[in-house]
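K.L.:
Sequence first, then the predicted structure:
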Amino acid sequence: MLITLFPAGTAAADHLVVDVVGPDSAALGDQLEIRTSVRYFESGEPAPDVEVVFYSDASFVGVSGEIELGRVTTDEAGVAIFLLRPVVSGTHAIRIEAIAGPEVQPESVSIPVTVGGQLVRSEAGVDIPGFGGWIVTAIIGLVWAIMLVAVLRIIGVARAGPSRRRLSLAEGIGSVALLLATGLTVLLIRSPDTHANLNPEGYLRTVVAYTEADYLYPGPGLASQVSAEQTVAYGRAIFMSRGCAGCHGLDAGGAATAPSPAFVSREWLGQVVRTGLPGGMPAYTEVDLNEEDLNAIFVFLFAARATIDIEDIRPAPTTSTTTTAAPGDVGDAAPTFTEVVAPILRTHCAACHGSLGGWDASSFDAAMTTGDHGPVIIAGDPAASLLVQKIQGTQAEGLQMPPPGLMSERDIQAIVDWITAGASR
Amino acid sequence: MVTSGAWEPQMEPLTEWQDQLEETTLGPTRRTSARYFGLVGFLVAVLGWGSYAYYVQVRDGLVVTGMRDRISWGIYITMFVFFIGISHAGTLISAILRVSNATWRTPITRMAEFITVVALSTGALFVIVDLGRPDRLGYVLVYGRWQSPIVWDVTAVATYLTASLIYLYLPMIPDLAFFRDRFAPRTSVWRHRLYRTLALDWAETEQQKASLRRAIGVMMILIIPIAVSVHTVVSWIFAMTLREAWNSTIFGFFFVAGAIYSGIATLIIVMAILRKAYHLEGYLTNRHFLYLGYLLAAMAAVMIYANISEYVTTGFKLEEGGEFLFRQLFVAEFAPYFWFYLIGGLFLPPIFMAVKRMRRIGTIVIAAVFVDLGMWVERYFIVVTGLRAPLLSYEPASYAPTWVEWSITAGGFALFALLITVFVKFFPIMAVWEMVEERKAMTAVLDESSATAGERS
């Protein structure tokens, strides 16, 4: 990151220009190099022997302020390098102030450095130089070799017998023991699967705990294996901790205060969370709920679908009487707004469309004429009607409305039929 | 061919004493009482019932056991650790006493060595029983990695079993030859063939004796570190798992000490039973029980000390997890087991041995039974309490063995007893040649010192 600070409109000779180069982000334990170069604004000459002071925001037992990290004096090239090893994660705002004697006005710039990090990083076991699986193999091999010596003695006993039988039980035992010993050794050093080396290239034991800044602390000493269940659990934790569950129910199944959000799309979720909705859904900023949180919430909501029957949360089809009547008299009486469409719009749309500006779904006249991009209903041409595009999810702009799945096919078809038939009142 | 390698003592003719010893040793193989068949029948029945339970377990999966995700080791692993512990009988009694040339050992080494082999096989079997997919047993070799303590365990147990078999077999060769010769004319063909094959053409030539002595010399030393390694590795299975109860630096030592302790106790019990059944009173004397009783008391002291070391170090700090562990051990769910182990298993046996009037075979056997019960219980609560202490703020899990587990466990004990019962039917239960050698050496010393050979009688 390069930040140059140009002072505005003052006597140039009195000013320094400070350029700072530092890492945008770093991990805990890294040594950060913050390189500042100081020059005079007017001449552009480097400013040697300028004392550069590095500050950082800090807070301790309730007192917040700036602490001085250290001071470095610039060299002949006007460069001062400060080395910093951050010990806490998070964003460090580092302010740099250059002071060159009383007659030169000090200048300061700030850079943010984000430090992420692992609390615990466990490398593969203990690395003892020269120690590896081979030594275990060697010890076991030695033990088995000694046993083999004993077995050979047994063969010796048999050989020394009066009848001097050549092949005896002992020889059999000896062969089996030899076979076992070599087999065991070979099996254990044979392949990468059974490697005897304790430290193969790139082998790392499970990272014990990994936390980014602002990451919900997953608990001490547990391997953080990212699995679907855990993301669901994490999403659920956010869903509960950020207040979503208060209105939408603990399992996202909906409650008296707010409907179930389980079937919304990811886009919908992002849109609605950022803008809020009339009737109580608050708007969350990026700080309250970032995109990763939303991803996690979405994963949780997606998983919650399995436990929720969409029929329970979908408003009942509103056109049942009309549509059951419709097949009998096709063409006789075109569906009308009042009979067919108005109940659907009331159920699905009018809560917002009518009070928020834009398209107004509250009456026939309003529905036919209002809209941010002109009329949304073009009589006789459902494909060109933005309303149809929106409810079918084929719109070129914006989101499907209402969230996919909430409006029944029958209702959608009723609106399409109504427009096809001329969109009569 | 049969008589070609007849085992003839060269120094002196068979004395009355040796005659009697040989007859006694041959006794079990000659007479088979109805009681024996009854016992075998009973053990086979229990084993059969256990096998049926195992069939149920294989058919339906481990869900038929009381083991679940949070307490995933139970009575099977208890049996595994217990029997691997018992197997130390042979090592301590036989190898250590042989290395230290303790002469009183000779009548009991064979039984100790056999207990080792049988207990080891039974214990290893329980690891397989604990597997939900025993068909994947071979994976431990095919995909085994040195990083895994399980692989260490398999390697150590396999090595120990092989070494124990060799160590059981080696000193038995002369006795097998003796059986071969004694049974030569009048026994079934297969039995004669068995002894002839196993006796390896033994004719007690100097060359053969030298070979045998060297082989025994190698094995008796080698088997001690192997035995120690085995139970240390068994303890590491626990100590290398992230569990409060198993966070112990002395676990290896603790397990080895406990293994020797229960091994001696088992040896005492088996000895007492065989002594009674086959009238071995002349050879397994008060002295043997007394010495083993002293060893038992000494090991009890070691175990008590190990327990103090284990619980005082943890109890002094009493961290959060340790507090839970102590509560369940000392006052809550596992308190009856724990106090039984502590009082009955650790303190009672040495008290028995401390009182002079109680130093009799009967009381020593009772002490041994207490030790075995106590050690079994100890293995049980080490396994279960360790898993029960929650790692997260859950309610503690619970575990109780199901009928399947109890049945298989009973089958395991039956297998152990059955193998010993069958063994005494076919193999010499005492190391006759070692006892004879021992006797000769003793006689020689007596001859020299008293100039009269009148000791014998």
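P.N.:
The structure has been received and is ready for your questions. Residues are numbered from 1 along each chain as shown, chains lettered A, B, ... in the order given.

K.L.:
On the three-state scheme, the residue lying farthest from the centre of chain A is what?
P.N.:
In chain A, residue A:162 marks the outermost C-alpha relative to the chain mean, sitting 81.7 Å out by C-alpha atoms, centre = their mean. Assigned with DSSP: H, G, I helix; E, B strand; the rest coil, residue A:162 falls in the coil class.

K.L.:
Wait, it touches residue B:203, no?
P.N.:
Yes - at 5.0 Å, residue A:162 and residue B:203 qualify as touching, with contact defined as C-beta atoms under 8 Å. All C-beta atoms are positioned from the backbone trio N, CA, C, and that covers glycine.

K.L.:
Residue B:144 and chain A: what is the separation?
P.N.:
According to C-beta to the nearest C-beta, to the nearest Å, residue B:144 stands 6 Å off from chain A.

K.L.:
For the residue of chain B at minimum distance from chain A, grab the count of nearby residues.
P.N.:
Nearest residue of chain B to chain A, counting by C-beta to the nearest C-beta: residue B:201, 2.6 Å away. Residue B:201 has 25 neighbouring residues, counting by other C-beta atoms under 10 Å in any protein chain shown.

K.L.:
before we move on, what about the one 5 residues further on?
P.N.:
A count of neighbours around residue B:206, defined by other C-beta under 10 Å, yields 9.

K.L.:
Same check on residue A:151?
P.N.:
27.

K.L.:
Which helix or strand contains it?
P.N.:
Using DSSP states H and E, residue A:151 maps to helix A:133-159.

K.L.:
What ranges does chain A have for its helices?
P.N.:
A:133-159, A:169-190, A:228-241, A:244-248, A:266-275, A:291-304, A:310-313, A:320-325, A:342-348, A:364-369, A:386-392, A:409-420 (DSSP state H).

K.L.:
Going by mean pLDDT, which of those comes out lowest?
P.N.:
Among these, helix A:320-325 carries the lowest mean pLDDT, a mean of 45.

K.L.:
Name the residues of the stretch 1-150 of chain A found near chain B, please.
P.N.:
When proximity is defined by C-beta under 8 Å from any C-beta of the partner chain, the stretch 1-150 of chain A lies next to chain B at A:125, A:133, A:136-137, A:140, A:143-144, A:146-147, A:149-150.

K.L.:
cutoff 7 Å now
P.N.:
The stretch 1-150 of chain A comes close to chain B at residues A:133, A:136, A:140, A:143-144, A:146-147, A:149-150, as judged by C-beta under 7 Å from any C-beta of the partner chain.

K.L.:
helices or strands up against the lengthiest helix in chain B?
P.N.:
What stands out as the longest helix in chain B, according to DSSP H, is helix B:206-239. Contacts defined by 3 or more C-beta pairs under 7 Å, 6 or more residues apart in numbering or on different chains; DSSP states H and E place helix B:206-239 against helix A:133-159, helix B:75-86, helix B:97-99, helix B:149-169, helix B:251-278.

K.L.:
Now that helix: average pLDDT?
P.N.:
89.

K.L.:
Next: stretch B:85-93.
P.N.:
Stretch B:85-93 comes out at a mean pLDDT of 81.

K.L.:
Tell me the confidence at the residue in chain A positioned nearest to chain B?
P.N.:
Per C-beta to the nearest C-beta, the residue of chain A with the smallest distance to chain B is residue A:161, at 2.6 Å. You'll see residue A:161 listed with a pLDDT of 75.

K.L.:
Could you do residue B:14 as well?
P.N.:
In this model, residue B:14 carries a pLDDT of 51.

K.L.:
Could you list the buried residues of the longest helix of chain B?
P.N.:
For helix B:206-239, burial by neighbour count (16 or more other C-beta atoms under 10 Å in any protein chain shown) applies to B:208-209, B:211-212, B:215-216, B:218-220, B:222-223, B:226-239.

K.L.:
residues of the helix holding residue A:151 that come out buried?
P.N.:
Buried residues in helix A:133-159 (16+ other C-beta under 10 Å): A:133, A:136-137, A:140-141, A:143-144, A:146-148, A:150-159.

K.L.:
rewinding a little: any idea which of the residues of the stretch 1-150 of chain A next to chain B is the one closest to residue A:241?
P.N.:
residue A:133 (46.4 Å; C-beta to C-beta).

K.L.:
where does the stretch 1-150 of chain A have low pLDDT?
P.N.:
A:1-14, A:29, A:59-62, A:103-105, A:117-128, A:131-133 (pLDDT under 70).

K.L.:
can you map out the strands along it?
P.N.:
A:2-4, A:16-21, A:25-27, A:32-40, A:51-60, A:63-73, A:79-84, A:90-99, A:107-120 (DSSP state E, counting those that start in this stretch).
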